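In: the amino acid sequence is not available; the structure is as follows:
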Ligand SMILES: Nc1ncnc2c1ncn2[C@@H]1O[C@H](COP(=O)(O)OP(=O)(O)OP(=O)(O)O)[C@@H](O)[C@H]1O
């Protein structure tokens, strides 16, 4: 049964280790996530959560172990193919949105579509539809002038534009007040089932982590399941 789950995983990490000079940051990490599933990764500051996401994005090369995304072995792909996979199959949401503040929401979102190889018409059309569905006002206002919640919704739309199979989020609600945090979390955790994608959320916030289908704890010994009585 465990093997069946692992085989159907869109993200499959085995024996992943990553070090910087003088320090092992990730140690023998195992992770399998299926489409439609959400996973929260928690752990103390400095335990390597962002490093793990950066490895999943194919931007860091592990010392050992493997990462498969939709059956593709990141370490065995040429850099150009890995970059294409990142733009088309992975969506990333950062704590502070990391949007271009002088561009409008639709320009920010459409740009990600263009980088993923979509035509201008399709990128802009899809960006407008996504933003409307995610409740971002249709405005030419520079994104830097929007509220924190509107910016994060725009960041979610940008992550979704190419229809990724995997969404990665690093502290997506960390910069928001409690009410806005709950709204953005509602939006995020609905996505795996709505869009048949996997969602991996790094968070320090127990209220956000509890919403995931599974909670995992990153420690020096590896990534382990948190058995929660909350469900
Ligand atoms: N290139 C590097 N050289 C040296 N140390 C690094 C490098 N990259 C990351 N680190 C260290 O690795 C550790 C893990 O960093 P990482 O950002 O992944 O942790 P984190 O769990 O996401 O932390 P936080 O919860 O505070 O965001 C930190 O101690 C960081 O300083």
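Out: Okay, I see it. The model shown is predicted, which means the values in this text are computed figures rather than measured ones.
In: list the buried residues in stretch 167-187.
Out: Residues of stretch 167-187 classed as buried by neighbour count (16 or more other C-beta atoms under 10 Å): 167-176, 180-181, 183-185, 187. In this view, the C-beta of every residue, glycine as well, is placed from N, C-alpha and C.
In: quick one: which of those sit in helices?
Out: Secondary structure from DSSP state H places 180, 181, 183, 184, 185, 187 of the buried residues of stretch 167-187 in helices.
In: what is the nearest of those to the ligand?
Out: If you rank those by distance to the ligand using C-beta to the nearest ligand atom, residue 181 comes first, at 16.7 Å.
In: measure the nearest residue to the closest one once chain neighbours are set aside to residue 109 for me?
Out: When the adjacent residues along the chain are set aside, residue 181 lies closest to residue 173, with 4.1 Å between them (C-beta to C-beta, 6 or more residues apart in numbering). As defined by C-beta to C-beta, to the nearest Å, residue 173 lies at a distance of 19 Å from residue 109.
In: repeat for residue 67
Out: As defined by C-beta to C-beta, residue 67 lies at a distance of 27 Å from residue 109.
In: which residue is nearest the middle of this structure?
Out: The centre of the chain sits closest to residue 168, judged by C-alpha atoms, centre = their mean, with a distance of 0.8 Å.
In: quick check, pLDDT for residue 8.
Out: With respect to pLDDT, residue 8 has a value of 83.
In: ok, residue 97 next?
Out: Predicted confidence (pLDDT) at residue 97: the value is 67.
In: equivalent analysis for residue 4, please.
Out: The pLDDT attached to residue 4 in the predicted structure is 47.
In: so which bits of stretch 19-38 are buried?
Out: Using 16+ other C-beta under 10 Å as the burial criterion, the residues of stretch 19-38 that qualify are 25, 26, 27, 29, 31, 32, 33, 34, 35, 36, 37, 38.
In: columns secondary structure and pLDDT on top of these, output as CSV?
Out: Formatted as CSV, the buried residues of stretch 19-38 follow (DSSP: H, G, I helix; E, B strand; the rest coil; pLDDT from 0 to 100):
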residue, secondary structure, pLDDT
25, strand, 95
26, strand, 96
27, strand, 94
29, strand, 96
31, strand, 97
32, strand, 97
33, strand, 97
34, strand, 96
35, coil, 96
36, coil, 96
37, coil, 97
38, strand, 97
